[in-house]
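Peer 1: here you go, sequence then predicted model.
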Amino acid sequence: MNFILFLFFIIGSIVGLIYLSFLIPKKLGYEKLGKLLSRSLILVILFFISSFVFEDYLFFKSDVKKHLSTEGFTIKDDFKITYKKYSDLIDYYHRFEIEISTSD
């Protein structure tokens with residue numbers, strides 16, 4: 001129940017912020033600026049949301065190398081990502097499996 005209330009609060013805050021970013025400049029006589037600000041804010045919010053939704057599709061070999069380097073592993077040869085899964089709802093985890101050559 002608390003999560004649903006929190007979700008409604010977040011969505012309401014975002015919608016209110018977008019509306020205010022349009023309404024305030026419009027009341028001051030800058031309607032075009034209000035449209036520009038609200039549309040820009042909508043694009044930023046959509047980009048932020050889509051970066052979480054499409055996290056699995058935006059995971060590349062360079063990200064694998066970065067994650068492995070923090071653990072002290074280095075890969076010299078080419079490899080293949082066989083499995084990747086990302087979750088950030090309750091606990092953050094990023095799970096992936098790779099196929100490496102025998103020399104690595």
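Peer 2: Here it is on my side, so go on.
Peer 1: now for Ile45: which residues touch it?
Peer 2: Each residue near Ile45 by Cβ atoms under 8 Å, 6 or more residues apart in numbering is listed here: 14, 18. C-beta here means a position set from N, CA and C on the backbone, and glycine is covered the same way.
Peer 1: where does the chain have low pLDDT?
Peer 2: Along the chain, the parts satisfying pLDDT under 70 run over 1, 88-90, 104.
Peer 1: helix, strand or coil for the spatially most central residue of the chain?
Peer 2: In the chain, the centroid-proximal residue (Cα atoms, centre = their mean) is Ser51; its distance is 2.8 Å. Secondary structure state of Ser51, per DSSP: H, G, I helix; E, B strand; the rest coil, is helix.
Peer 1: list every C-alpha atom in stretch 55-65, with coordinates, as PDB.
Peer 2: Only the C-alpha atoms of stretch 55-65 are listed here, as PDB (Å, rounded to 0.1, in the frame of the first residue of the first chain):
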ATOM      1  CA  GLU A  55      18.900  -1.400 -19.500                       C
ATOM      2  CA  ASP A  56      19.300  -5.000 -20.700                       C
ATOM      3  CA  TYR A  57      19.400  -3.900 -24.400                       C
ATOM      4  CA  LEU A  58      22.000  -1.100 -23.600                       C
ATOM      5  CA  PHE A  59      24.500  -3.500 -22.000                       C
ATOM      6  CA  PHE A  60      27.500  -4.000 -24.200                       C
ATOM      7  CA  LYS A  61      30.900  -5.700 -24.200                       C
ATOM      8  CA  SER A  62      32.500  -2.500 -22.800                       C
ATOM      9  CA  ASP A  63      30.200  -2.700 -19.800                       C
ATOM     10  CA  VAL A  64      31.200  -6.300 -19.200                       C
ATOM     11  CA  LYS A  65      34.900  -5.300 -19.300                       C
END
